[in-house]
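[1] here is the input, now give the coordinates:
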Amino acid sequence: VERRLDDHRHRGDSAGGNLAIVTAMALRDAPAAVPVIVQAPLYPAADMSRDYPSFETFAEGYLLSRDTMRWFADAYAADPHHARTSPLAHDLAGMPPAIVMTASLDPIRDQGRAYAAGLAQAGVPVVFREAVGTIHGFLNLRRAIPSAQGDFASFLAAVKAMVAEAEGTRVMGQAAGA
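    Numbering: from 1, shown residues only. Here you go, the predicted model:
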């Protein structure tokens, strides 16, 4: 996959998805010279403050386990209610538009679903995709999981469309003096 650094969009998978979310949240609260116009978390860890049904359903045997996820959460932040650990549990209003993708066989699938729903409830434009029949980390397993390349291509197409829309809106706002 060809990648280009870009200050306008934040993408990350798994813990990187969490970092994309919390970075967008931090820049919403303290804007930088270059705004984040799109956030694109893939199977993000978005709310470690509680257990979701998928956490139990896919607890073992799907690459990422419940116990491993708990270990990651404990190592990342002592307080599971902190905005860095559970951005979903905090104010999502004013966040940049998002494309959120989850994997259907992922212990943290429901966190991503809930994050997308929370953004929509907060009035944030959001596109949600779910890679059906695949596991957490499929992005890194595109050669081993036949559907993963297509799922990622769909995600990238949605990101590109959302970036074009957001960039157009930003440019029009600048032209109008907003």
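[2] what's opposite the residue nearest to the spatial centre of the chain in the beta bridge?
    With distances taken as Cα atoms, centre = their mean, the residue of the chain nearest its centroid is Pro41 (2.1 Å). Residues in a beta bridge with Pro41, per DSSP bridges, are Gly12.
[3] give the contact list for it.
    Contacts for Pro41 (Cβ atoms under 8 Å, 6 or more residues apart in numbering) come out as 11-13, 16-18, 20-21, 98, 100-101, 112, 115. The way it works is simple: take the backbone N, C-alpha and C, and place the C-beta from them, glycine included.
[4] out of those, which one has the weakest pLDDT?
    Least confident of the contacts of Pro41 in the model: Arg11, at 68.
[5] thinking again about what came up before, of the contacts of Pro41, select the buried ones using a PyMOL command.
    This is how PyMOL selects the buried members of the contacts of Pro41, with burial counted by 16 or more other Cβ atoms under 10 Å:
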select buried, resi 11+12+13+16+17+18+20+21+98+100+101+112+115
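[6] ok, so of the contacts of Pro41, who is nearest Ala157?
    Taking Cβ to Cβ as the measure, Ala157 lies nearest Met101 of the contacts of Pro41, at 11.5 Å.
[7] distance of the closest one relative to Arg70?
    Applying Cβ to Cβ, to the nearest Å, the value for Met101 to Arg70 is 23 Å.
[8] could you do Gln174 as well?
    For Gln174, the distance to Arg70 - Cβ to Cβ - is 45 Å.
[9] re the thing from before, let me see the confidence value for the residue nearest to the centre of the chain.
    pLDDT, the model's per-residue confidence, is 96 for Pro41.
[10] does Ala89 touch Met25 like I think?
    No: counting by Cβ atoms under 8 Å, Met25 is not a contact partner of Ala89; they are 11.6 Å apart.
[11] the more surrounded of the two?
    Taking other Cβ atoms under 10 Å, Ala89 and Met25 do not tie; Met25 has more neighbours (21 against 18).
[12] the more buried one sits in which helix or strand?
    Met25 belongs to helix 15-29 when elements are defined using DSSP states H and E.
[13] can you give me the neighbour number for the residue nearest to Met101 when sequence neighbours are not counted?
    Of all residues not flanking Met101 in the chain, Arg129 sits nearest, at 4.5 Å (Cβ to Cβ, 6 or more residues apart in numbering). By the criterion of other Cβ under 10 Å, Arg129 has 17 neighbours.
[14] ok but Arg129 is inside a helix, no?
    No: read with DSSP: H, G, I helix; E, B strand; the rest coil, Arg129 is strand and lies in no helix.
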